[in-house]
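In: Just the structure for this:
(chains A, B and C)
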Amino acid sequence: MRKLGIDFYQRPNVLQIAKELLGKVLVTKWDGIETSGRIVEVEAYNGVNDKASHAAGGRRTNRNEVMYGKSGVAYVYLCYGIHHLFNVVTNERETPHAILIRALEPIKGIDIMLQRTNKKQLDHTLTRGPGNVSKALGISFKHHTGHSLLSKDLFITEDDFVLNKKNLAASPRIGVDYAGEDASLPYRFYIKGNPFVSGKPK
DNA sequence: CTGACGATTCACT
DNA sequence: GTGAATCGTCAGC
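Out: Numbering: from 1, shown residues only, chains lettered A, B, ... in the order given. The predicted structure is shown next:
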């Protein structure tokens, strides 16, 4: 297992980074309790020129400030008053790129994740969808937005998993109809056929 | 200070 | 397929 370093996050092409995140492993280790899962679905948010981004048009608020900061940091925010959505900040300071982690395939600490989500047994809904990912990994916007991904309790690693290119799929992003023509950009990437990918089951 | 709303999920018809 | 849940954030007064 090799932890991804600042060189991975700091690069300018957020779409490239998003694709490369597929197959990597997201780990949280709060109070020594480890939970992890392989990333199987992501969405890229391409800075000020992307109408679907919170930073569209250079919008800068207290909430999205962390996207304008350094890369390799978590941007977590509350949606619908209920769901915590976990994003990875990329690129240089003042360039608000981010990648939303939409789904994982559970690896470690499945019993802990079941406990956190009040579920009884493992099924494909445990870490499917961005709200469920944060819930299962114990990530909350209050405590973890701005948290470094180069830290010991929150990070992304790669193992020997290799994603076959024919299993890489792209589609428009989900839930961003308000973004006009940018809503149809193919900025969502996922591993084809993986049961934890959100959207229509197949 | 106030009101409208969201990068969603789940229970229910 | 439809609708409720639920609260921090933001724009506007």
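In: from here on, contacts and neighbour counts on C-alpha atoms
Out: Noted.
In: Report back the residue of chain A that's furthest from centre.
Out: The C-alpha centroid of chain A is most remote from residue A:120, which lies 24.7 Å away (C-alpha atoms, centre = their mean).
In: In which helix or strand does the closest residue to that residue other than its chain neighbours reside?
Out: Leaving aside its sequence neighbours, residue A:120 sits nearest to residue A:114 (C-alpha to C-alpha, 6 or more residues apart in numbering; 6.3 Å). Taking DSSP states H and E as the definition, residue A:114 sits inside helix A:110-116.
In: How about the following helix or strand past that helix and DNA strand C, touching?
Out: Beyond helix A:110-116 on the C-terminal side, the first helix or strand identified by DSSP H and E is helix A:130-137. No: using C-alpha under 7 Å from any atom of the strand, helix A:130-137 stays clear of DNA strand C, coming no nearer than 11.0 Å.
In: Please work out the average pLDDT along helix A:130-137.
Out: Summarised as a single mean, pLDDT over helix A:130-137 is 98.
In: just stretch A:46-55 next, same as before
Out: Across stretch A:46-55, pLDDT averages out at 97.
In: Same question for stretch A:90-98.
Out: In the prediction, stretch A:90-98 has an average pLDDT of 98.
In: picking that back up, please verify my assumption that the residue nearest to residue A:120 contacts residue A:123.
Out: No: proximity of residue A:114 to residue A:123 does not meet the contact threshold set by C-alpha atoms under 8 Å, at 9.8 Å.
In: between those two, which one's more packed in?
Out: residue A:114 (18 against 13; other C-alpha atoms under 10 Å).
In: Can you give me the neighbour number for residue A:78?
Out: When neighbours are counted by other C-alpha under 10 Å, residue A:78 registers 15.
In: dump the residue contacts of it.
Out: Residues counted as contacts of residue A:78 (C-alpha atoms under 8 Å, 6 or more residues apart in numbering) are A:84, A:85, A:141.
In: Kindly provide the distance from the last one to residue A:86.
Out: To residue A:86, residue A:141 is 8 Å away according to C-alpha to C-alpha, to the nearest Å.
In: Touching both of these two, which residues are there?
Out: Here residue A:141 and residue A:86 have A:75, A:76, A:77 as joint contacts, going by C-alpha under 8 Å, 6+ apart.
In: Out of those residues, list just those in strands.
Out: Secondary structure defined by DSSP state E assigns A:75, A:76, A:77 of these to strands.
In: doesn't residue A:197 fall inside a strand?
Out: No: if the criterion is DSSP: H, G, I helix; E, B strand; the rest coil, then residue A:197 is coil and not within a strand.
In: For it, give me its contacts.
Out: A:40, A:41, A:102, A:103, A:104, A:128, A:129, A:190, A:191.
In: sorry, back to before: neighbour-wise, which one of the shared contacts of residue A:141 and residue A:86 leads?
Out: residue A:76 leads the shared contacts of residue A:141 and residue A:86 on contacts (other C-alpha under 10 Å) with 27 neighbours.
In: So what pairs up with it in the strands?
Out: Beta bridges link residue A:76 to residue A:86, judged by DSSP bridges.
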